[in-house]
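> got a predicted model here, sequence first, then my questions.
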Amino acid sequence: MKRSELNQIQRNALKLAARFSFALPPFVTWTMEDWQTKNSEYDEIKENMLGWDITDFGSGDFHKCGLLMITLRNGNFNNPKYAKTYAEKILISEEGQVTPYHFHWKKMEDIINRGGGTLVLKCYNSGEQGEMLDTPVTVYRDGRAYVVDAGSRIELSVGESITLPVGQYHTFWAEGGPCLIGEVSKTNDDNVDNRFYEDIGRFPEIEEDEPILYPLFSEYPNMPG
């Protein structure tokens, strides 16, 4: 992905969050110059991967297959100084933009449609070897538990949510406009906790064609300080 594309995606995301009156923490809009003024008091942001996460899943076409995420709070699998056992993200799925089938080894999560169009999901159970099973899927949706056929279309209107258990494959996209999506979950580590059904890329290779607007969390290790 080109840096200019990432920068524009970030600008668009901030506009959409403002449209739905979702206030973001200050660190989301820290520039590289701002980061140079931050000391070890802010280590939690870097060590727990808070902030921007934008990926095209190696597709080369973000608007067709991609996702924007901003991690707002998180614990840490590997560092005992962080006691949080939970995480929160805000996601943006563009209309028709697909997030590929995947599940998480450790993370249970609630996905909430916070604003915009209809959020559409399809879910499958997984087997011991990570295979996708054609068995009935239990859907946990706003206090209701019910069973659907594998791969059934599940629609979430604004305000509705679904709980995705560990090991449950899911894909999603927005219809009728972009969706601002909330995610409330157990501690998240995108370096080790994702199991994609197909072999795809998770973090983009970036072509630097203009200066960084806001760094991605995957770029923190390369920043000074």
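That came through, no problem.

> run through who's touching stretch 11-27.
Surrounding stretch 11-27, the residues in contact under the criterion CB atoms under 8 Å, 6 or more residues apart in numbering are 28-29, 42, 45, 50-51, 68, 70, 72, 90, 92, 114-116, 178, 180, 213. Placement of C-beta: from N, CA and C, glycine included.

> just the buried ones from those residues?
For the contacts of stretch 11-27, a burial check counting by 16 or more other CB atoms under 10 Å picks out 28, 45, 50-51, 68, 70, 72, 90, 92, 114-116, 178, 180, 213.

> in the longest strand seen in the chain, which residues are buried?
As assigned by DSSP state E, the longest strand anywhere in the chain is strand 168-186. Buried residues in strand 168-186, counting neighbours by 16+ other CB under 10 Å, are found at 168-174, 178-186.

> strands - which of the buried ones among the contacts of stretch 11-27 land there?
Here DSSP E is the test, and the buried ones among the contacts of stretch 11-27 give 51, 68, 70, 72, 90, 92, 114-116, 178, 180 as lying in strands.

> farthest-separated two in these?
Spanning the widest gap among these are 51 and 116, at 22.0 Å by CB to CB.

> figure out the helix or strand that residue 8 lives in.
helix 3-19 (DSSP states H and E).

> what's the helix or strand just after that helix in contact with?
Toward the C-terminus, helix 3-19 is succeeded by helix 32-35 as the next helix or strand (DSSP H and E). Applying CB under 8 Å, 6+ apart, the contact partners of helix 32-35 are 211-212, 215, 223, 225.
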